[in-house]
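Student: sequence isn't available, so here's the structure alone:
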């Protein structure tokens, strides 16, 4: 037997094995280096705007509501399934009775990258969180027409909407941010005003009339905003009312002062066209170049919406 041919034969046999070994190593290496996606519906929405931590992220439903609403405003590619999954997550995490005894509120959550949740037993502002979720549902229905999905959850939707009149101050007609406070925020009240109109429209569309929600309720809240927040001599709005104290915006402070001035512009709650132009001009004088890295993310979203609305 000729043994001199064995090394050459050995090489011929091993070459295919070596080839597939290298190919497999490259494949698994690319899989490992590929960016991972978080395993949680709220984090997936947040991840569209900034990478989430691989450890833990605090989910503030108000912020995520605006992000999801922004995704649905994208006419070319509204991310319907992503937003529907988040909406369902929100429904699933509503409080049957929270620390104030309210039904339909939602806590903030600490959420890990792999989807584990810890409720924090506290809120962002209940009024604006509820209002922006109603606005999200309204947009979702307009984009998708998925009537059955909302009909199935109508009782929950009604409970969420009811928090707006529940938090209304009977003395001035404005909406408080929490049951335990006298604080009323300009941005929150503008969002509540828009949410009332959205819920009235949904109620009519679904043949679910609600005596708490009427066009008159929306108009009364708009009037209360102009009466109590608007500063005629300065052609601007107070950004916060706390009891008898009204706080004028510090225009050098973007959040929460200056950004609050965009909400009456965005939701068309202005005394007139002249006042609208003057307020937008004033904002532009202070923020000729809008800080793209501003936080929270909602500031960038609201600025973009307002710019588009006023074109």
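Tutor: Structure's in. What do you need? The shown structure was predicted, so the numbers you read here are calculated from the model rather than taken from an experiment.

Student: now do the contacts for residue 274.
Tutor: Under the criterion of C-beta atoms under 8 Å, 6 or more residues apart in numbering, residue 274 has no neighbours. Heads up, the C-betas are built off the backbone N, CA and C, glycines and all.

Student: now it, what's its secondary structure?
Tutor: helix (DSSP: H, G, I helix; E, B strand; the rest coil).

Student: going by contacts, tell me the helices and strands next to the host helix or strand of residue 64.
Tutor: Secondary structure assignment for residue 64, by DSSP states H and E: helix 61-72. On a contact count with 3 or more C-beta pairs under 8 Å, 6 or more residues apart in numbering; DSSP states H and E, helix 61-72 meets helix 41-46, helix 80-92, helix 126-144, helix 297-309.

Student: in CSV: the ones you listed, plus distance to residue 258 and mean neighbour count.
Tutor: What follows is the helices and strands packed on helix 61-72, written out as CSV (distance: least, C-beta to C-beta, whole Å; neighbours: other C-beta atoms under 10 Å):
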stretch, distance to residue 258, mean neighbour count
helix 41-46, 24, 23
helix 80-92, 29, 18
helix 126-144, 17, 23
helix 297-309, 9, 17
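
Student: between these, which gets nearest to residue 111?
Tutor: helix 41-46 (5.9 Å; C-beta to C-beta).

Student: give me the contact list for that closest one.
Tutor: By C-beta under 8 Å, 6+ apart, helix 41-46 touches 37-38, 52, 57, 59, 61, 63-64, 67-68, 71, 82-83, 85-86, 88-89, 109, 111, 113, 115.

Student: what do you get if the cut-off is 7 Å, keeping everything else the same?
Tutor: 37-38, 52, 57, 59, 64, 67-68, 82, 85-86, 89, 111 (C-beta atoms under 7 Å, 6 or more residues apart in numbering).

Student: now it: mean pLDDT?
Tutor: Summarised as a single mean, pLDDT over helix 41-46 is 96.

Student: name the helices or strands packed onto the following helix or strand past it?
Tutor: Going down the chain from helix 41-46, the next helix or strand is strand 56-59, by DSSP H and E. Packing partners of strand 56-59 (3 or more C-beta pairs under 7 Å, 6 or more residues apart in numbering; DSSP states H and E): helix 41-46, strand 109-112.

Student: distance check, residue 138 against residue 120.
Tutor: 28 Å (C-beta to C-beta, to the nearest Å).

Student: out of the helices and strands packed on helix 61-72, which is closest to residue 244?
Tutor: helix 126-144 (20.1 Å).

Student: distance check, residue 52 against residue 109.
Tutor: 13 Å.

Student: same question, residue 133
Tutor: 15 Å.

Student: do the same with residue 124
Tutor: From residue 124 over to residue 109 (counting by C-beta to C-beta), the distance is 11 Å.

Student: can you check residue 89 too?
Tutor: 10 Å.

Student: in the chain, where is pLDDT below threshold?
Tutor: 1-35 (pLDDT under 70).
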